[in-house]
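could you work out the structure for the sequence below:
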Amino acid sequence: MTDSKYFTTTKKGEIFELKAELNSDKKEKKKEAVKKVIASMTVGKDVSALFPDVVNCMQTDNLELKKLVYLYLMNYAKSQPDMAIMAVNTFVKDCEDPNPLIRALAVRTMGCIRVDKITEYLCEPLRKCLKDEDPYVRKTAAVCVAKLHDINAQLVEDQGFLDTLKDLISDSNPMVVANAVAALSEIAESHPSSNLLDLNPQSINKLLTALNECTEWGQIFILDCLANYMPKDDREAQSICERVTPRLSHANSAVVLSAVKVLMKFMEMLSKDLDYYGTLLKKLAPPLVTLLSAEPELQYVALRNINLIVQKRPEILKHEMKVFFVKYNDPIYVKLEKLDIMIRLASQANIAQVLAELKEYATEVDVDFVRKAVRAIGRCAIKVEQSAERCVSTLLDLIQTKVNYVVQEAIVVIKDIFRKYPNKYESVIATLCENLDSLDEPEARAAMIWIVGEYAERIDNADELLESFLEGFHDESTQVQLQLLTAIVKLFLKKPTETQELVQQVLSLATQDSDNPDLRDRGYIYWRLLSTDPVAAKEVVLAEKPLISEETDLIEPTLLDELICYIGTLASVYHKPPSAFVEGSRGVVHKSLPPRTGSSESAESPDTAPSGVQAPEQPAVIPTQGDLLGDLLNLDLGPPVSGPPMATSSVQMGAVDLLGGGLDSLMGGGGSGGGSFAAPSTAAPANLAAPLGSGLGDLFDLTGGVGTLPGSYVAPKTVWLPAMKAKGLEISGTFSRQVGSISMDLVLTNKALQVMSDFAIQFNRNSFGLAPAAPLQVHAPLAPNQSVEISLPLNTVGSVMKMDPLNNLQVAVKNNIDVFYFSTLYPLHILFVEDGKMERQMFLATWKDIPNENEAQFQIKDCSLNADAISSKLQGSNIFTIAKRNVEGQDMLYQSLKLTNGIWVLAELRIQPSNPSFTDLELSLKCRAPEVAPYVFQAYETVLKN
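Okay, here's the model as predicted:
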């Protein structure tokens with residue numbers, strides 16, 4: 001009979017009967033009773049009352065019964081910690097059992113019982129099992145160390161288990177090695193600063209030897225560990241790649257992806273001139289193609305990873321276009337991902353094939369897929385110039401089908417084709433205008449309006465067409481309203497006599513009747529431009545536009561490098577770094593690829609493009625994080641720029657690569673792109689606003705400085721020592737910093753019945769050496785119910801001792817009655833010194849120099865200030881803004897501060913508007929003493945939210 005019979009009973013008095021059966025002398029009856037207990041536990045009944053009786057059954061040689069009892073123990077030990085101690089003796093005994101299965105079972109269960117009281121008793125058995133002669137016991141004990149570390153990290157370190165784990169990496173058994181690596185990796189993740197996996201060529205060799213004989217999950221642990229190693233030169237990198245390559249033919253897709261990750265990472269160090277480099281590229285394609293024959297869910301994960309690989313090294317899969325063709329029975333998520341990769345791999349060699357496929361897809365029934373296919377045709381036209389003509393005629397054929405959503409998508413992509421190839425395909429405009437009435441989606445309407453405005457001189461009835469859109473102006477989406485405003489202004493500048501009324505109408509709709517700030521601002525700019533200097537207006541509005549770049553959806557290079565290090569994990573599916581989606585990702589380490597070796601690479605860097613190539617041809621990707629630093633420092637707070645007046649330069653303004661040449665352009669004396677447009681922070685040169693007329697300058701207050709600096713934030717006083725605890729003396733206070741001096745502002749209140757006098761104060765040693773700079777002076781005795789306010793000056797030359805928390809201050813106050821003790825936390829910003837503004841070059845060099853693992857990230861929610869107010873407020877507390885930059889509507893501030901003990905902290909503050917009145921801030925801090933980061937973050941939050 002099966003075990004299902006144990007789940008059928010619903011008798012009352014069941015617990016009492018089970019108790020009797022558990023204490024029976026017959027072994028069989030005992031085993032049956034334990035099975036019934038486990039069955040009840042499984043369906044959610046509370047059988048914790050039987051704890052002592054079940055624990056008594058532990059004393060048995062029967063492995064099955066022992067397993068059941070251990071299962072019960074794991075479940076109930078947490079709720080019955082005192083009873084669980086009864087089981088400790090049996091664990092200790094079982095860890096010395098002659099049967100290795102029982103020894104391993106005991107050590108595994110010990111790791112699962114998360115009760116603090118028991119953990120210290122388990123150290124001795126665990127130490128024995130880590131050195132057990134049987135590898136099965138050793139591998140189980142290795143994982144147990146990681147579990148124990150999670151419960152009590154200090155205990156594991158004190159007992160020396162981490163060193164034993166490191167020794168197990170040299171074990172003769174590959175499974176023990178794999179589990180030791182897995183345990184150390186797990187522990188290292190929760191303690192990024194500790195260098196637990198101290199890998200060197202010898203240990204790497206041992207790992208590679210174990211790799212061939214492990215189970216598949218063991219191989220994954222070892223490969224992930226190898227991916228974190230930095231080879232000392234290209235020869236070592238090549239040797240590791242040669243030994244990892246056989247894993248590409250493994251049946252488990254996780255092993256394949258982990259091997260791909262290691263190879264992608266170490267290929268960075270190989271020169272492209274090597275024969276081996278070409279061989280490796282050839283070997284990487286087949287396993288990736290094989291992954292696409294798995295079930296759809298695995299295919300999707302593989303495709304997301306391939307998407308990253310193709311962006312990094314398109315040459316790996318350039319001959320494999322056919323495997324990405326969509327099958328009729330693929331789920332939509334697989335289809336869309338395949339389309340994306342097809343476009344990335346499209347080239348002159350395969351474009352005919354790709355276009356034929358895409359045209360086929362555009363007649364499918366799935367709307368989302370068809371839309372993406374039409375977009376893909378447009379992207380191919382932009383990417384492969386030779387195919388543009390065929391793409392345009394394909395799009396025109398699709399427009400003739402009159403299928404609404406196909407027409408709308410086609411118009412959106414044709415607008416981009418016009419941007420890429422001006423004065424080439426404008427003959428199709430007439431066909432587009434025929435479909436004007438059928439457009440109902442904002443993006444398509446906006447695209448059509450842009451086309452009409454841009455080519456107004458070629459369209460006879462352009463004013464009528466735009467006027468038809470104007471009738472329902474307030475019902476349109478913001479995107480359409482903005483586009484319509486610009487298009488009508490363009491039309492007016494091209495045909496001023498016929499469209500005077502139209503432009504007046506749209507300007508008043510945009511400025512007076514709209515409550516959208518973007519629309520109003522744009523309306524006012526045009527109004528000012530047109531009313532003060534139509535010539536300048538023409539140069540600004542009808543300026544020649546830069547050509548759009550080929551691939552605008554590429555992942556920014558530094559993020560791509562980081563994601564390549566996370567191939568085979570969730571980060572590679574989301575295309576976001578772990579810090580973006582892991583809760584409490586304070587300990588997440590930013591990974592990056594090893595630096596390039598080999599001379600042939602330098603030609604690829606966008607900074608060293610040949611002189612004939614225009615900068616905007618580079619894929620226009622918005623850099624994140626570290627990449628922005630260089631030119632951002634070029635951009636904002638430089639000295640006033642002298643040079644040609646704005647009107648002449650505004651024509652090329654769009655073409656200037658504001659993102660400059662990354663970090664290095666600054667170090668090399670400012671790159672061409674961003675440097676030439678440094679916007680002044682305080683005094684704008686007189687010629688800045690002149691050509692735009694007097695209006696625009698003051699409209700945006702271009703000449704406004706930073707504004708007056710408020711003082712450092714002072715928190716309201718709180719009660720530090722209540723009268724109950726100090727025989728009637730109540731002390732409340734706060735800390736402040738004024739013009740370089742720190743003070744402790746106290747209020748002493750006498751709530752006793754006797755007079756208080758003879759006051760004195762002393763501080764215990766603390767993290768930053770805070771000490772009173774003068775005696776505590778209360779000039780007259782303090783009568784009952786009387787208060788006195790005192791400002792006690794402090795200095796930072798006292799004795800230093802690291803406190804926990806770091807900003808804890810222990811204080812003793814004496815008077816004629818007694819000595820009283822209390823402790824308080826001081827806000828760290830009282831220690832930020834006035835000379836904490838770092839030189840720009842120095843900031844850059846320091847940011848690069850501080851290792852990435854020292855970077856900590858925090859979020860400040862719902863801040864009601866804009867970038868300038870934030871900068872000004874923080875400067876009041878000696879947090880200095882070195883540069884400011886706007887990227888895609890997000891302001892970025894780069895800041896520095898210095899503590900009284902000389903520690904520098906560098907910050908990047910990213911300001912993300914979450915709704916009109918509040919913004920969310922992302923703060924990244926880099927410091928050589930990472931333990932101060934959380935307290936600096938608290939200071940930011942305190943200053944900004946008060």
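
can I assume residue 732 sits in a helix?
No. Under DSSP: H, G, I helix; E, B strand; the rest coil, residue 732 sits outside any helix and is assigned strand.

who does it bridge with?
Beta bridges link residue 732 to residue 719, residue 747 when assigned by DSSP bridges.

contacting residues for it?
Neighbouring residues of residue 732 by Cβ atoms under 8 Å, 6 or more residues apart in numbering: 717-720, 746-747, 749. (Glycine included, C-beta is placed from N, CA and C.)

from those, list the buried ones, please.
Buried members of the contacts of residue 732, counted by 16 or more other Cβ atoms under 10 Å: 720, 746-747, 749.

touching, residue 909 and residue 923? I think so.
Yes. Taking Cβ atoms under 8 Å as the definition, residue 909 is a contact partner of residue 923 at 5.5 Å.

need the overlap of contacts for those two.
Taking Cβ under 8 Å, 6+ apart as the contact rule, residue 909 and residue 923 both touch residue 940.

looking at those two, which one has more neighbours?
Taking other Cβ atoms under 10 Å, residue 909 and residue 923 do not tie; residue 909 has more neighbours (24 against 21).

list the buried residues for stretch 561-581?
For stretch 561-581, a neighbour-count test (16+ other Cβ under 10 Å) marks 561-569, 571-573, 575-579 as buried.

as CSV, could you dump the C-alpha coordinates of that stretch?
Presented in CSV, the C-alpha positions along stretch 561-581 are these (Å, rounded to 0.1, in the frame of the first residue of the first chain):
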residue,chain,number,x,y,z
ASP,A,561,30.5,45.2,-20.2
GLU,A,562,28.9,44.8,-16.8
LEU,A,563,26.0,42.7,-18.1
ILE,A,564,28.5,40.4,-20.1
CYS,A,565,29.9,39.5,-16.6
TYR,A,566,26.4,38.4,-15.6
ILE,A,567,25.6,36.1,-18.6
GLY,A,568,23.4,33.3,-17.4
THR,A,569,21.8,35.2,-14.5
LEU,A,570,18.6,37.3,-14.2
ALA,A,571,20.6,40.4,-14.9
SER,A,572,21.2,39.2,-18.4
VAL,A,573,17.5,38.5,-19.0
TYR,A,574,16.4,41.9,-17.6
HIS,A,575,19.3,43.7,-19.2
LYS,A,576,19.8,45.6,-16.0
PRO,A,577,22.6,45.3,-13.4
PRO,A,578,21.6,43.4,-10.2
SER,A,579,21.7,46.7,-8.2
ALA,A,580,18.7,47.8,-10.2
PHE,A,581,16.4,45.0,-9.1
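
ok, residues contacting it?
Residues from elsewhere that reach stretch 561-581 (Cβ under 8 Å, 6+ apart): 227, 254, 257-258, 260-261, 264-265, 300-301, 304-305, 307-309, 312, 555, 559, 585, 588, 590-593, 857.

just the ones of the buried residues of stretch 561-581 in helices?
561-564, 571-573 (DSSP state H).

for those residues, which one is nearest residue 95?
When those are compared for distance to residue 95 (Cβ to Cβ), residue 571 wins out at 39.2 Å.

ok, now how distant is the closest one from residue 262?
16 Å (Cβ to Cβ, to the nearest Å).

do a quick rundown of the helices in the stretch 101-250 of the chain.
Taking DSSP state H, counting those that start in this stretch, the helices of the stretch 101-250 of the chain run over residues 116-119, 123-130, 135-151, 153-158, 161-168, 174-190, 201-211, 216-227, 234-244.

quick one: which of those is nearest residue 64?
helix 135-151 (18.0 Å).

next, the contact list for residue 131, please.
Contacts for residue 131 (Cβ under 8 Å, 6+ apart) come out as 138, 164.
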